[in-house]
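1. Structure, please.
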Amino acid sequence: MKKRTKYISTLSKRQAEEFSLTYSELLRAKKYFHTQLAHAHKRHIDFDMSFEDWAKWWEDQLGKDWLYKRGRGAGKFHMARKNDKGSYSLNNIKCITHEQNGHDRAKNKTASSGHKHATRVVLTKTAVLDIFTSKDTNVYLGKKYNVNESTISAIRNKRSWNWLTKGISK
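-> Numbering: from 1, shown residues only. Coordinates of the predicted model:
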């Protein structure tokens, strides 16, 4: 068993060198890849790239320090599908800023903003208003509406659905 672990470790170290990454950066890159793959799957979007294709694409777009330039947040870069349609494949993706991605998703009506995305949202406007004004605990409301407590907290703290709860006092 120890030899196999050492072999896998050696293989990963070679792969890290291939992508000009340290071993820990390679592990983080693989985590990001699998997260993006899972999010695409959750949204029923095909993801037609291997890790190697994905990492090479990022390096081609942003250079050797691509791992630190991509991600969420202002000034970071995203892998976006052209016109927010089709699969994540090398011939259908582009590198854009976080801000541009938000703008494009709003323009193409693919942004997740509450009730518009029935496959992702289980709450109605009425339920959100009840949650926002309720005196019940987050645990109770989470069970009542079949959502995570963090969803309840986000609504109550105006981190989610704030376009609906704006101007309403608790």
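2. Report the buried residues of stretch 27-34.
-> Under the neighbour-count criterion of 16 or more other CB atoms under 10 Å, stretch 27-34 has 29-30, 32-33 buried. (Glycine included, C-beta is placed from N, CA and C.)
3. between these, which is nearest G73?
-> Proximity of the buried residues of stretch 27-34 to G73 (CB to CB) peaks at Y32, which lies at 13.6 Å.
4. Tell me which residues touch the closest one, please.
-> Applying CB atoms under 8 Å, 6 or more residues apart in numbering, one finds that Y32 lies in contact with 67, 70-71.
5. Point to the helix or strand of the chain where mean pLDDT is at its lowest.
-> Ranked by mean pLDDT, DSSP states H and E, the weakest helix or strand in the chain is helix 2-18, scoring a mean of 61.
6. what element comes up after that helix heading to the C-terminus?
-> Remark: after helix 2-18, the chain's next helix or strand is helix 23-42, criterion DSSP states H and E.
7. Quick one: list the elements packing against the helix or strand just after that following helix.
-> Once the chain leaves helix 23-42, the next helix or strand it forms, by DSSP H and E, is helix 51-62. Under the contact criterion of 3 or more CB pairs under 8 Å, 6 or more residues apart in numbering; DSSP states H and E, helix 51-62 touches helix 23-42, helix 66-69, strand 77-81, strand 93-97.
8. tell me the angle the longest one makes with helix 51-62.
-> If I follow you right, that is helix 23-42. 100 degrees (axes from the mean of the first three to the mean of the last three CA atoms, to 10 degrees).
9. Run the angle between helix 23-42 and strand 77-81 for me.
-> Inter-element angle recorded for helix 23-42 and strand 77-81: 30 degrees (by the same axes, to 10 degrees).
10. Domain-wise, how is the protein divided?
-> 19-107, 114-165 (automatic domain parsing).
11. and the residue nearest to K76 when sequence neighbours are not counted, what is it in contact with?
-> Leaving aside its sequence neighbours, K76 sits nearest to H98 (CB to CB, 6 or more residues apart in numbering; 4.9 Å). Taking CB under 8 Å, 6+ apart, we find H98 in contact with 72-78.
12. What confidence value was assigned to K116?
-> At K116, the model reports a pLDDT of 43.
13. ditto for the one 4 residues further on
-> The predicted structure scores R120 at 51 on the pLDDT scale.
14. Any regions of the chain where pLDDT drops low?
-> 1-11, 110-121 (pLDDT under 70).
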